[in-house]
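> Sharing a model prediction with you, sequence too.
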Amino acid sequence: MNLHIGELYHKLEKIYLGGGQKKIDKQHKKGKMTARERVDFLKDKDATFFEIGAFAGLGMYAEHGGCPAGGTVMGISKVEGRDVMIVANDATVKAGAWFPITGKKNLRAQEIAMENRIPIIYLVDSAGVYLPMQDEIFPDKEHFGRIFRNNAKMSSMGIPQIAAIMGSCVAGGAYLPIMSDESLIVDGTGSIFLAGPYLVKAAIGETVDKETLGGAKTQTEMSGVVDYNMPDDKTCLTTIRDLVSKLGHEPKSGIDRIKSVEPKLDPKEIIGHYPSATAKPYDMREILKRVVDGSEITEYKENYGKSIITAYARIDGWSVGIVANDRQVVKTATGEMQFGGVIYSDSADKAARFIMNCNQKKIPLVFFHDVSGFMVGKRSEHGGIIKDGAKMVNAVSNSTVPKFSVVVGNSYGAGNYAMCGKAYDPRFIIGWPTAKIAVMGGAQAAKVLTQIQVSSMKAKGEVDEAAETELYNKIKDRYDEQTSPYYAASRIWLDAIIDPRETRDWLAMGLRVADSAQIEKFNVGVIQT
């Protein structure tokens, strides 16, 4: 696990450089702070910045020179004592241009702000859509235009939006700050217009410089488009802090909280309780006890449906319901052996009932994934595994309390769905460096696909043992790459890959943020019994 954690921090160090040191130096020469420097100056000095989407775009767009962190620094931190979402374009990455993953990442930021009803601050410094890939970022429902639609929706919901134009703000991108509640612009470096000087010249033959067209004085004194003219980055960020300090507050969720108690068992020991090989059994309870207050959990139906742990606990004082895959091999009351990490009918039934109970009592749900999927085979099918699995998926789908997912190990197939994967709207979904997300594991998928292809090749008399082995290894390597947590995080299937020792901190932040939004009434719909 230490090797995995070392790899994690090594990758982050490179990502934090954005477009590289030369681009950072160039930014400084213009009198501008970098995106990360702006975020650090804006947040409260003693506050943690919980970065979301740091791995966005990793390994993607190589033919375009890459897009570290999706060209955007984004996350949650405290500003003037309150939780806010911060989104800062990184001008060191292709001048802050929007790649397809940039749009997806920004939409995720808005989604989090809307779900949790927290303010969002945009630090704009972008050249607009990355034109060579415009067809993948411009026209579709979840592309660039959806961001401005969300601006309008958030405004109607009363969610505060503050935007600072701290560099370029071009074309359609100009709508983002102006559709926010309040906007600021930095004199000399900030500019905002629908069409820049070159396009204006090409379109109507008019010659005009950038400052005259859309600089700070033009847009605050003549057009009135922008609200505040700021002399420099630091003054701009300080003014944002002042604006945030005067914001009103939302009604709370009603989630129960008492005084926080540290775990009795050291959270740093968490990495010693996860096996070196993901197929090995281990006791998930030992991990949970290093995350929850006082290391205390109260198990629901402890001796029934043993492949899933359902338990009440507290994290940083917040009441939570935990649904976790148990990786131990256990014997049931009927003498049947159950494999760890597999969801059986009784486990799905127990989990569904527990999830419904938590919704009835306004208790947030925390899912710990290490699941291979639902049990297969004649006995399971005859016992109605599909019906029981559907019951659990239904309960997760209709759940209205805040949900959080921690992908510890495997998260395969329908097990990912039942355990509140990305498609089931967890408020946050984070993964350890050991996380794996796919329809099935690499070896299993390779065996299935190899069998199918070998059958076809044999019919043509084209296969031999060496060819079969080569085919298997080729398929397995591809699947192993695609099940990596970095592959998932690069596509924002995970909000973050974290050091396992920080699991409690992330969950505490999520629960605190979720408290800002009221909980809707729970209605589970139709469930087969």
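Cool, the structure landed.
> alpha carbons only for contacts and neighbour counts from here, please
Fine.
> what helices or strands is the helix or strand of the chain with the lowest mean pLDDT leaning on?
When each helix and strand of the chain is scored by mean pLDDT, DSSP states H and E, helix 442-459 comes last, with a mean of 74. Applying 3 or more Cα pairs under 8 Å, 6 or more residues apart in numbering; DSSP states H and E, one finds that helix 442-459 contacts helix 465-482.
> Following element in sequence after the helix it packs on, please.
The C-terminal neighbour of helix 465-482 among helices and strands, as given by DSSP states H and E, is helix 485-490.
> which helices and strands sit right next to that next one?
Applying 3+ Cα pairs under 8 Å, 6+ apart, we find helix 485-490 packed against strand 436-438, strand 496-497.
> right, so of these, which gets closest to residue 121?
Evaluated over those, closeness to residue 121 peaks at strand 496-497, with 19.8 Å, by Cα to Cα.
> now what about that closest one, what contacts it?
8, 51-55, 429-433, 485-486, 489 (Cα atoms under 8 Å, 6 or more residues apart in numbering).
> just to confirm, which helix or strand has residue 121 in it?
For residue 121, the element it lies in under DSSP H and E is strand 120-126.
> quick one: contacts of that strand?
Strand 120-126 is contacted from outside by 35, 84-91, 95-98, 110, 113, 159-170, 177, 190, using Cα under 8 Å, 6+ apart.
> want to try CSV for the helices and strands packed on helix 485-490, with distance to residue 43 as columns?
Output for the helices and strands packed on helix 485-490, formatted as CSV (distance: least, Cα to Cα, whole Å):
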stretch, distance to residue 43
strand 436-438, 33
strand 496-497, 19
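> closest one to residue 263 among those strands?
strand 496-497 (22.5 Å).
> Determine which residue of the chain is most distant from the centre point.
residue 461 (48.0 Å; Cα atoms, centre = their mean).
> How about the secondary structure of that residue?
coil (DSSP: H, G, I helix; E, B strand; the rest coil).
> who touches it in this structure?
If you count contacts by Cα under 8 Å, 6+ apart, residue 461 has none.
> hang on, residue 255 packs against residue 360?
No: taking contacts as Cα atoms under 8 Å, residue 255 lies outside contact range of residue 360: 11.7 Å.
> So between those two, which is more surrounded?
Neighbours per residue (other Cα atoms under 10 Å) separate residue 255 from residue 360, with residue 255 holding more: 21 against 15.
> what angle do the least confident helix or strand of the chain and helix 465-482 make?
Here helix 442-459 runs at an angle of 140 degrees relative to helix 465-482 (axes from the mean of the first three to the mean of the last three Cα atoms, to 10 degrees).
> Which residues does stretch 161-169 contact?
Contact with stretch 161-169 is made by 32, 119-128, 151, 154-155, 176-178, 180-186, 189-193, 233, 236, 240, as judged by Cα under 8 Å, 6+ apart.
> got it, and stretch 180-187?
The contact list for stretch 180-187 (Cα under 8 Å, 6+ apart) reads 151, 155, 160-167, 177, 191, 215-217, 226-233, 236.
> Weed out the non-buried ones from the residues you listed.
For those, a burial check counting by 16 or more other Cα atoms under 10 Å picks out 151, 160-167, 177, 191, 215-217, 226-230, 232-233, 236.
> Now, these that are in helices?
For the buried ones among the contacts of stretch 180-187, the ones inside helices are 151, 177, 216-217, 233, 236, with DSSP state H as the criterion.
> Next up, the contacts around residue 358.
321, 364-365, 401.
> Show me those residues that map onto helices.
Going by DSSP H, the helices hold none of those.
> Turn those residues into JSON lines, columns for neighbour count.
Listed next are these as JSON lines, based on neighbours: other Cα atoms under 10 Å:
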{"residue": "321", "neighbour count": "27"}
{"residue": "364", "neighbour count": "26"}
{"residue": "365", "neighbour count": "27"}
{"residue": "401", "neighbour count": "28"}
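> from the residues you listed, which single one is nearest residue 392?
Lowest distance from residue 392 to these (Cα to Cα) belongs to residue 365, with 13.4 Å.
> Just list the residues touching that closest one, thanks.
So residue 365 contacts 320-323, 355, 358, 401-404 (Cα under 8 Å, 6+ apart).
> Just to be sure, which of the residues you listed are found in strands?
320-323, 403-404 (DSSP state E).
> Going by neighbour count, which of the residues you listed comes out on top?
Of all the ones in strands among the contacts of residue 365, residue 322 has the most neighbours under the rule other Cα under 10 Å, reaching 32 neighbours.
> measure it to residue 357 for me?
Counting by Cα to Cα, to the nearest Å, the gap from residue 322 to residue 357 is 12 Å.
> got it, and residue 155?
Residue 155 is 34 Å from residue 357, where distance means Cα to Cα.
> do residue 167 as well
50 Å.
> swap in residue 202?
64 Å.
> okay, these two: which has more neighbours?
Neighbour comparison, residue 202 and residue 357: the larger count goes to residue 357, with 13 against 10 (by other Cα under 10 Å).
> Per-residue pLDDT of residue 462, please?
Note for residue 462: predicted pLDDT of 68.
> One more: residue 305?
Predicted confidence (pLDDT) for residue 305: 93.
> quick one, phi psi at it?
phi 60, psi 60 (degrees, to the nearest 10).
> which ones are touching it?
Neighbouring residues of residue 305 by Cα under 8 Å, 6+ apart: 344-350.
> Would you confirm that residue 267 contacts residue 293?
No: counting by Cα under 8 Å, residue 267 stays clear of residue 293, with 10.7 Å between them.
> Have a look at these two and say which one is more surrounded.
Looking at residue 267 and residue 293 with other Cα under 10 Å, you find the greater number of neighbours at residue 293, namely 24 against 21.
> how near is the more buried one to residue 320?
Residue 293 is 11 Å from residue 320, where distance means Cα to Cα.
> any common contacting residues for these two?
Common contact partners of residue 293 and residue 320 (Cα under 8 Å, 6+ apart): 313-314.
> Residue ranges in the chain under the pLDDT threshold?
Applying pLDDT under 70 to the chain flags residues 442, 457, 462-463, 525-529.
> Skip the chain neighbours and tell me the closest residue to residue 133.
Take residue 133 and drop its neighbours on the chain: the residue closest to it by Cα to Cα, 6 or more residues apart in numbering is residue 99, 7.0 Å away.
> show me the contacts for residue 24.
Residue 24 touches 17, 34, 92, counting by Cα under 8 Å, 6+ apart.
> And residue 278, by the same measure?
409-410.
> mind pulling up the phi and psi values for it?
The phi and psi values for residue 278, taken as degrees, to the nearest 10, are phi -70, psi -20.
> quick revisit: what's the closest of the ones in helices among the buried ones among the contacts of stretch 180-187 to residue 481?
residue 151 (36.3 Å).
> Please tell me how far residue 436 sits from residue 194.
To residue 194, residue 436 is 43 Å away according to Cα to Cα.
> between the two, who's got more neighbours?
residue 436 (30 against 15).
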